[in-house]
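Q: sequence plus the predicted model coming up.
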Amino acid sequence: MALSSQSSRSGMRRHYSSGGGRRRSSRRWLVVFAVVLLVGGSFWLFRGGGDDADLGETASQPIADADASRDADGNADREPAAVNEQPTRNAPAPSLATAGRTPRIADMNPVAEVPTTATRERTTEASREPETPRSANEQPRQAERRTEPNTSSNTATRERATATNTGTPTIESSEIRRGMDMIADGDYIEGRRVLSAILFDDRRRLSRSDARAIRETLASVNDRLVFSPEVASGDPIAEQYNVQSGDLLARIARRYKLTYPFLEQINRIDARRLQVGQSIKLIRGPFHARVSKSEFRMDVYVQQSDGSPIYIRSFDVGLGEDDSTPEGMWVIEPGRKVVNPDWRNPRTGEYFRADDPKNPIGDFWLALDGIDGNTADRRGYGIHGTIEPDSIGQQASMGCIRLRDGDIEQIFHMLVEGESTVEVVR
């Protein structure tokens, strides 16, 4: 049985608890409401509005992915598909970061896609709304991205296409390929003959890139077939010779219309140590040269028994100022090949002695004698070195043909007086 004192206290406690609970509940709701207002206001202040929040998200993405997410009507095109890979219509452009390489400025420039069926459909859809004009600064970058890598095959393709578009005939690539394949298969003699015929007989129809490829290939072949002691079986311009009693290298060279320093070079021998029974390599000379004025180049060749040319090697040249090097046929003038020549300037009269480091014609001089209607009355022209190597590839001389130091020495030992011709062509 409860005591009276306990009953009254219990009733009082219940009464007090009922009133106090309502007061505490009201205060809790006020606190909750205040917290909600505080958190919401802080969130709104830190976010700074919907537009800024979107910008922050976009900026946090990799650049390549952000560009790739724009549509075809928008501000950027997709990354180009890889070579030999068709672009997929709905596939996102790969990020440069995930591709394992550092993004470059060129990688981010817009470039037109390959016009496949998928891209044509996107173009049709995009054309329904006006396209945003591109700035003038963007256009050169797009052209630069569209340019193919500068490999020799791509360069050759572009130059052949250009020649075709301008109406200039070109050589069928199959003819060049046939000669290249022969050389690749080890048939150096026939491959050289085929490519030499294309280089000389069809030079006006041959693109410069294809001509350059042929020259480089043949120069490599001739390092072995011409400029080494080896004699290839069946080579129509080379033979093996056994030195006889009484032979001198200079006499042997004259019989074959060569110079003895050239024979020393290719046989790796000293003319003073020639021995009876020694086997040496001979080239059936003489060597001839053809100078292309438009390309500032000298091509050296020999002729087979039927007169067809076999390419040997090329050299860069400098020519006469104001196009003053006469075109036509010349021969190396007998008695006028000089090592370490003196020289007098025909315009000023200034004289340069031999061994003078300021002598403009260098260490070698080969006088030219005109032998056709356009050159017969010309005097004073020649082939020589230069103390101005930067003038090679330019019109800078008084009409003569200039070569660099090492090249003029090689030409001096290859061309023979009274035998070697030099044809100057446009």
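A: All right, it came through fine. Numbers count the residues shown, from 1 in each chain.
Q: give me phi/psi at the residue nearest to G418 when sequence neighbours are not counted?
A: Nearest in space to G418, with sequence neighbours left out and distances taken as CB to CB, 6 or more residues apart in numbering, is P334 at 4.2 Å. Placement of C-beta: from N, CA and C, glycine included. Note on P334: backbone dihedrals following degrees, to the nearest 10 are phi -60, psi 140.
Q: and P334, how many neighbours?
A: 12 (other CB atoms under 10 Å).
Q: right, and it touches V416 too?
A: No - here P334 lies out of contact with V416, judged by CB atoms under 8 Å, at a distance of 9.5 Å.
Q: between those two, which contacts overlap?
A: Common neighbours of P334 and V416, using CB atoms under 8 Å, 6 or more residues apart in numbering, do not exist here.
Q: what number of residues lie near A250?
A: As a burial measure, A250 scores 14 neighbours (other CB under 10 Å).
Q: with K257 instead?
A: Burial of K257 is recorded as 16 neighbouring residues (other CB under 10 Å).
Q: ditto for K337
A: One way to gauge burial is a neighbour count; for K337, by other CB under 10 Å, it gives 20.
Q: what about it, is that helix, strand or coil?
A: When the structure is reduced to helix, strand and coil (DSSP: H, G, I helix; E, B strand; the rest coil), K337 reads as strand.
Q: any idea which helix or strand carries D299?
A: Secondary-structure element containing D299, defined by DSSP states H and E: strand 297-303.
Q: which strands or helices does that strand pack on?
A: Here strand 297-303 touches helix 188-201, strand 287-292, strand 309-316, helix 405-414, going by 3 or more CB pairs under 8 Å, 6 or more residues apart in numbering; DSSP states H and E.
Q: closest one to D342 among the ones you listed?
A: helix 405-414 (16.6 Å; CB to CB).
Q: may I have the very next helix or strand once past that closest one as CSV, with CA atoms only?
A: Using DSSP H and E, the helix or strand that directly follows helix 405-414 along the chain is strand 421-425. Listed next in CSV are the C-alpha coordinates belonging to strand 421-425 (Å, rounded to 0.1, in the frame of the first residue of the first chain):
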residue,chain,number,x,y,z
THR,A,421,80.5,14.4,-121.3
VAL,A,422,78.5,16.8,-119.1
GLU,A,423,74.9,17.5,-120.3
VAL,A,424,73.2,20.5,-118.7
VAL,A,425,69.4,20.3,-118.9
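Q: re the thing from before, average pLDDT across the strand holding D299?
A: If you average the pLDDT over strand 297-303, you get 98.
Q: could you give the angle of it to strand 309-316?
A: Here strand 297-303 runs at 160 degrees with respect to strand 309-316, directions being taken by axes from the mean of the first three to the mean of the last three CA atoms, to 10 degrees.
Q: walking through the chain, point out its helices one by one.
A: Remark: helices of the chain, listed N- to C-terminal, are 4-47, 50-59, 63-68, 105-108, 117-126, 138-146, 152-165, 173-184, 188-201, 208-225, 249-255, 260-267, 405-414; assignment by DSSP state H.
Q: quickly list the domain ranges of the protein.
A: Each domain of the chain is listed here as a residue range: 155-225, 230-285, 287-425, per automatic domain parsing.
Q: lowest average confidence across the ones you listed, which one?
A: Ranked by mean pLDDT, the domains of the chain end with domain 155-225 at the bottom, a mean of 81.
Q: just want the angle from the strand holding D299 to strand 421-425.
A: Our comparison of strand 297-303 with strand 421-425, counting by the same axes, to 10 degrees, yields an angle of 140 degrees.
Q: sheet partners, orientation included, of strand 297-303?
A: Applying DSSP bridges, strand 297-303 is found paired with strand 287-292 (antiparallel), strand 309-316 (antiparallel).
Q: using TSV, lay out those strands together with mean neighbour count and distance to T421.
A: TSV is the format used below for those (neighbours: other CB atoms under 10 Å; distance: least, CB to CB, whole Å):
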stretch	mean neighbour count	distance to T421
strand 287-292	22	5
strand 309-316	21	11
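Q: would a markdown table of those strands with distance to P360 be doable?
A: As requested, the strands paired with strand 297-303 are exported to a markdown table (distance: least, CB to CB, whole Å):
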| stretch | distance to P360 |
| --- | --- |
| strand 287-292 | 19 |
| strand 309-316 | 18 |
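Q: out of these, which comes closest to R215?
A: Nearest to R215 among the strands paired with strand 297-303 is strand 309-316; the distance by CB to CB comes to 5.3 Å.
Q: hmm, who's touching that closest one?
A: Residues external to strand 309-316 that are found in contact with it (CB under 8 Å, 6+ apart): 192-193, 195-197, 199-200, 214-215, 218-219, 222, 226, 236-237, 287-288, 296-304, 392-393, 403-404, 407, 410-411.
Q: same deal with stretch 182-195?
A: Outside stretch 182-195, the residues that reach it (CB under 8 Å, 6+ apart) are 175-176, 178-181, 214, 217-218, 221-222, 224-225, 232, 234-236, 304, 308, 310-311.
Q: what subset of the residues you listed is buried?
A: In terms of neighbour count (16 or more other CB atoms under 10 Å), the buried residues within those are 175-176, 179-180, 214, 217-218, 221-222, 225, 235, 310-311.
Q: one step back: including distance to P346, could the helices and strands packed on strand 297-303 go into a markdown table?
A: As requested, the helices and strands packed on strand 297-303 are exported to a markdown table (distance: least, CB to CB, whole Å):
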| stretch | distance to P346 |
| --- | --- |
| helix 188-201 | 34 |
| strand 287-292 | 21 |
| strand 309-316 | 25 |
| helix 405-414 | 20 |
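Q: right, and these - which one's nearest R268?
A: Using CB to CB and comparing the helices and strands packed on strand 297-303, the one that lies nearest R268 is helix 405-414, at 14.4 Å.
Q: list the buried residues of that closest one.
A: Buried residues in helix 405-414, defined by neighbour count with 16+ other CB under 10 Å: 407-414.
Q: can you check stretch 239-254 too?
A: Judged by neighbour count (16+ other CB under 10 Å), stretch 239-254 contains these buried residues: 241, 243, 247, 249, 252-253.
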